[in-house]
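Novice: Sequence first, then the predicted structure, then my questions.
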Amino acid sequence: MSLSLFIAKRIYRDTKGDKQVSRPAVLIAMTGIAIGLAVMIISVAVVIGFKNEVRNKVVGFGSHIQISNFDALRSYETHPVVVNDSMRAALAAYPQVEHVQRYSTKPGMIKTDDAFQGMVLKGVGAEFDARFFRDHLLEGEIPVFSDSVSSNEVLISKTLAAKLKLKLGDQIYTYYVQEDVRARRFTIKGIYQTNFAEYDNLFLLTDLAVVNRLNGWQPQQVSGVELQVRNYDQLEEITYEIAADTDNKTDGLGGVYFVQNIQQLHPQIFDWLNLLDLNVWVILFLMIGVAGFTMISGLLIIILERTQMIGILKALGANDFTIRKTFLWLAVFLIGKGMVWGNAIGLTFCLVQSQFGLFKLNPETYYVDQVPVSFNVWLFLLINIGTLLASVLMLLGPSYLITKIKPASSMRYE
C-alpha cells in the first residue's frame, strides 16, 4: 500500500479527532454528490423510458417499415399495390426482417343516434401481429382477422367508444363516401387504449377482406405492407437496403412501390423525442457541476484544517505530489460514499416507479398515464464512471494549494 493511500484511509476513518470544522462541509459535499448522481440516474431512466414508450406506440400502429403506393403518400384514401405471396416471402427473407404483414385503410365516419365521428378503418390479415393491441386491450378480445371472409367485428379505442357512448358488443354503423355513400355495420369485439390520442381517435381494426371490398380492389391488392425489424438501431440501414431492391418498382397492375420507415413517416414525433436528449445533457452537466463544486469546497476546507499535518509531512520529507495524492485519495473515498447513497436513491426510485407507478401523468399531454422508467446497465455504469472521473478531475486544481504551504509557517498555524 502506498503512503498516500495509507494516510488517506487513516484520515477518512478518523472519527475521534478534534477537527470538527470540516465535518459539515464534508457532509454537504457528499450530499451534493448523492443528490446529483440520483438526479442524473432518474433523469436518464425517465427520458429513455418515455422515448421507448412513445416510440413503441408509434411503431405498434405502423410497424418499423412500410411499403405502399407512391401516389398515396400522407393520405388514408390510399392507392393499392400488389403484395402477393412471392413478394411477402422475398421480404421475409431479409435477415433483418422479423415479420411481414399486409394492411389496407379506408377513411369513413361512425354515426350513432346522437353523434358522429370521423375515423379510419384499417384492415389486416391473418398474419397480423396483435401483441401491441393485446397489451393495451381493456375489454373483450382481439377479433380473428381474415383476408378472405368478413367477421364484421372491429377493435375500437376507448376514446372513440367514450365519445360515441359505445360499449362492448354494441353494433355500429359506418359510412364511406365514394361515388355514392356506402354503409357497413360492425360489432364491437374489443376495446383498447394506448393513450396516444393521435391514433386512438382515428383507427378501427377489422378484416382485410372488408376494407378491400369497400375499396373495390382485387384480392392481391392492398394499401401496403408493414415490416418489423429485429434491431431498431439498424433501422436506417435496413430501410435503404430494402428500398434499393423495391423503391420505384412497378407492380403488375401499375402501382409504384415506395419504402419509408417509421421515422420518415412521422418526423415531427421523432424530432421531438430527439430534443429530449438535449434536456438530459443539460441536467447531466448541471448536476456534475453542482456535485464537483460542493466537493471542491469540502476539499479546500479539509486542506486548510490539516495545514499543520501537511507541514509535518513536508518536514519529514514528503513531496508535494505525495501529499496531493493523499488528499485526492481522501476525496475519492468521500465521493464514493456519496455515490453509494446516490445510486441507492436513484435505483430505489426506478424500482418503485416501475413496480407501482406512484407518479402519474396526464395521458392527453404526455401519451402515458404514469412516469415511465427504463433501466440501462451500460448507461448506469457510464454515469457512475463519468461522475467519479469528472469530480476527481475538478479537484486537481484545488489540490495545488498544498504546494503553497510552507513547513515553517504551517507548524505554527492555528
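Specialist: Everything's here; your move.
Novice: Sticking with the closest residue to residue 199 other than its chain neighbours, tell me its helix or strand.
Specialist: Sequence neighbours aside, residue 61 is the residue nearest to residue 199 in space, at 4.8 Å (criterion: C-beta to C-beta, 6 or more residues apart in numbering). (Glycine included, C-beta is placed from N, CA and C.) Here residue 61 sits within helix 22-62, counting by DSSP states H and E.
Novice: Touching, residue 194 and residue 57? I think so.
Specialist: Yes. Taking contacts as C-beta atoms under 8 Å, residue 194 lies within contact range of residue 57: 5.3 Å.
Novice: what's stretch 390-403 in contact with?
Specialist: Contact partners of stretch 390-403, identified using C-beta atoms under 8 Å, 6 or more residues apart in numbering, comprise 33, 288, 291-293, 295-296, 299-300, 303, 310, 320, 323-324, 327-328, 331-332, 335.
Novice: and if you look at stretch 368-382?
Specialist: The contact list for stretch 368-382, computed with C-beta under 8 Å, 6+ apart, reads 41-42, 44-46, 48-50, 52-54, 195, 347, 349-350, 353-354, 357, 359-361, 363.
Novice: Just the buried subset of the contacts of stretch 390-403, please.
Specialist: 33, 288, 291-292, 295-296, 299-300, 303, 310, 320, 323-324, 327-328, 331-332, 335 (16 or more other C-beta atoms under 10 Å).
Novice: the strands in the chain, which residues?
Specialist: Secondary structure of the chain (DSSP state E): strands located at 65-69, 81-82, 97-111, 116-124, 137-140, 153-157, 171-177, 181-192, 203-207, 221-222, 224-229, 257-261.
Novice: Give the pairing partners of the last one; include direction for each.
Specialist: For strand 257-261, the pairing partners within the sheet under DSSP bridges are strand 65-69 (antiparallel).
Novice: what's the answer for the second one, then?
Specialist: Next to strand 81-82 in the sheet, as set by DSSP bridges, lie strand 221-222 (antiparallel).
Novice: so how far is the strand it pairs with off the chain centroid?
Specialist: With C-alpha atoms, centre = their mean, to the nearest Å as the basis, strand 221-222 stands 34 Å off its chain's centre.
Novice: returning to what we had before: looking at the buried ones among the contacts of stretch 390-403, which are in helices?
Specialist: Using DSSP state H, 33, 288, 291-292, 295-296, 299-300, 303, 310, 320, 323-324, 327-328, 331-332, 335 are the members of the buried ones among the contacts of stretch 390-403 that sit in helices.
Novice: for the stretch 1-150 of the chain, which spans come out with low pLDDT?
Specialist: Low-confidence regions of the stretch 1-150 of the chain, defined by pLDDT under 70, span residues 1, 15-22, 72-77.
Novice: Touching, residue 101 and residue 127? I think so.
Specialist: Yes. Shown here, residue 101 and residue 127 form a contact pair, counting by C-beta under 8 Å, at 5.0 Å.
Novice: Mind checking which of the two has more residues around it?
Specialist: Taking other C-beta atoms under 10 Å, residue 101 and residue 127 do not tie; residue 101 has more neighbours (21 against 14).
Novice: how much space between that one and residue 386?
Specialist: According to C-beta to C-beta, to the nearest Å, residue 101 stands 42 Å off from residue 386.
Novice: Over to residue 327?
Specialist: Remark: distance between residue 327 and residue 386 (C-beta to C-beta) = 22 Å.
Novice: Quick one, which of the contacts of stretch 368-382 are buried?
Specialist: Buried by 16+ other C-beta under 10 Å: 41-42, 44-46, 48-50, 53-54, 195, 347, 349-350, 353-354, 361, 363, out of the contacts of stretch 368-382.
Novice: May I have the residues that are in contact with residue 53?
Specialist: Here residue 53 is in contact with 367, 368, 372 (C-beta under 8 Å, 6+ apart).
Novice: ok, 6 Å please
Specialist: 368, 372 (C-beta atoms under 6 Å, 6 or more residues apart in numbering).
Novice: mind listing the helices for the stretch 251-400 of the chain?
Specialist: Secondary structure of the stretch 251-400 of the chain, counting by DSSP state H, counting those that start in this stretch: helices at 262-265, 267-305, 307-315, 320-356, 363-366, 377-396.
Novice: quick one: the residue lying closest to residue 284 once chain neighbours are set aside and residue 321, what's the gap?
Specialist: Among residues not flanking residue 284 along the chain, residue 40 sits closest, at 5.6 Å (C-beta to C-beta, 6+ apart). As judged by C-beta to C-beta, residue 40 and residue 321 stand 32 Å apart.
Novice: of these two, who's got more company?
Specialist: The neighbour count for residue 40 versus residue 321, taken as other C-beta under 10 Å, is higher for residue 40 (26 against 11).
Novice: tell me the contacts of the more buried one?
Specialist: Counting by C-beta under 6 Å, 6+ apart, residue 40 makes contact with 284, 287, 383.
Novice: and what of residue 359?
Specialist: Residue 359 neighbours (C-beta under 6 Å, 6+ apart): residue 371.
Novice: now it: how far from residue 373?
Specialist: Taking C-beta to C-beta, one finds residue 359 at 10 Å from residue 373.
Novice: Likewise for residue 275?
Specialist: 20 Å.
Novice: and the two? which has more neighbours close in?
Specialist: residue 373 (24 against 9).
Novice: Tell me the spacing between that one and residue 324.
Specialist: Applying C-beta to C-beta, the value for residue 373 to residue 324 is 40 Å.
Novice: before we move on, what about residue 124?
Specialist: Distance, residue 124 to residue 324, by C-beta to C-beta: 68 Å.
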